[in-house]
Structure formats: C-alpha cells, structure tokens
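>>> using only what follows, build the 3D model:
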Amino acid sequence: MPTHGLPARWDRLGLDSEWMRHGACLARTDLPWTADAHQTSSPKRRAMAAVCADCPVLTRCAEFASRARMTGGFWAGTARDELLVARVQGPLASGDVGGAA
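Residues are numbered from 1 along each chain as shown. A predicted model of the protein is given here:
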C-alpha cells in the first residue's frame, strides 16, 4: 500500500514520501492543495504559499514534485501548472529575444 495515500506509481519510482508526515500543509485541509491554479483563487494561492514558506520540508517537497514530474496541484509554494507553463514559454514569452540591445 502506498504511504500517505499516494498513487502506487510513486512507490514504483522509488520516491521516498516519509517526509510528507512533517509537511505544514497536513493541518490545512481547508486549502485546495491538489487543485490547479486556474481552479484556485488568488487569496487561496497566497495562503498556501504562506503555509509553504514556513514548512520544515519545503526543499524535500520541491525535489519530490520535480522528480515525480508533478503537473498539477500546489507543491513547495508553487502551483505546478503555472510553473510548467513558465518553463515551456521561457524567456521568449516575455519578449526577450536575446542578443545585444
């Protein structure tokens, strides 16, 4: 049985999830941790970021989300879907085409 109710695929990847027992988010069941950013209000995203800012396992959470290739939800202070969009768009999305000005 996967720990913490995580999908079995993470167990098969060999990703440790024991650290999750120490997450500050566990006590905040009132926040939509698994929702994507477009489904979550700005005040709730700010509230989740504040919880994450003081979390003792913030670094482990970020590493896990990256290694597990999380594409949604709120992990380590960031909405994963927004982070992925920013990575795909990269610097060209902001108008930066490189080169000398």
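
>>> mean confidence score for the helix or strand hosting residue 61?
Using DSSP states H and E, residue 61 maps to helix 58-67. Helix 58-67 shows a mean pLDDT of 91.

>>> list the strands paired with the helix or strand following it, with their directions.
Downstream of helix 58-67, the first helix or strand assigned by DSSP H and E is strand 74-75. According to DSSP bridges, strand 74-75 has the following sheet partners: strand 78-79 (antiparallel).

>>> residues in contact with the partner strand?
36, 37, 40, 45, 49, 62, 73 (CB atoms under 8 Å, 6 or more residues apart in numbering). Where C-beta positions appear, they are placed from N, C-alpha and C, glycine not excepted.

>>> now residue 36: phi and psi?
phi -80, psi 160 (degrees, to the nearest 10).

>>> tell me the spacing between it and residue 16.
Going from residue 36 to residue 16 by CB to CB, to the nearest Å gives 25 Å.

>>> now do residue 75
Distance of residue 75 to residue 16, computed by CB to CB: 15 Å.

>>> okay, these two: which has more neighbours?
Remark: of residue 75 and residue 16, residue 75 carries more neighbours, 23 against 13, as counted by other CB atoms under 10 Å.

>>> can you tell me how far the more buried one is from residue 23?
Counting by CB to CB, the gap from residue 75 to residue 23 is 10 Å.

>>> list the buried residues for stretch 25-41?
25, 32, 33, 35, 37, 40 (16 or more other CB atoms under 10 Å).

>>> now the terminal residues of it, how far apart.
Counting by CA to CA, to the nearest Å, you get 17 Å between the two ends of stretch 25-41.

>>> touching it from outside, list them.
Residues contacting stretch 25-41 (CB under 8 Å, 6+ apart): 20, 44-45, 47-48, 51-52, 55, 72-74, 79-82.

>>> pull the most distant pair out of the buried residues of stretch 25-41.
The most widely separated members of the buried residues of stretch 25-41, counting by CB to CB, are 25 and 37 (16.0 Å).

>>> and residue 15, which of the three is it?
Here residue 15 takes the coil state, with states given by DSSP: H, G, I helix; E, B strand; the rest coil.
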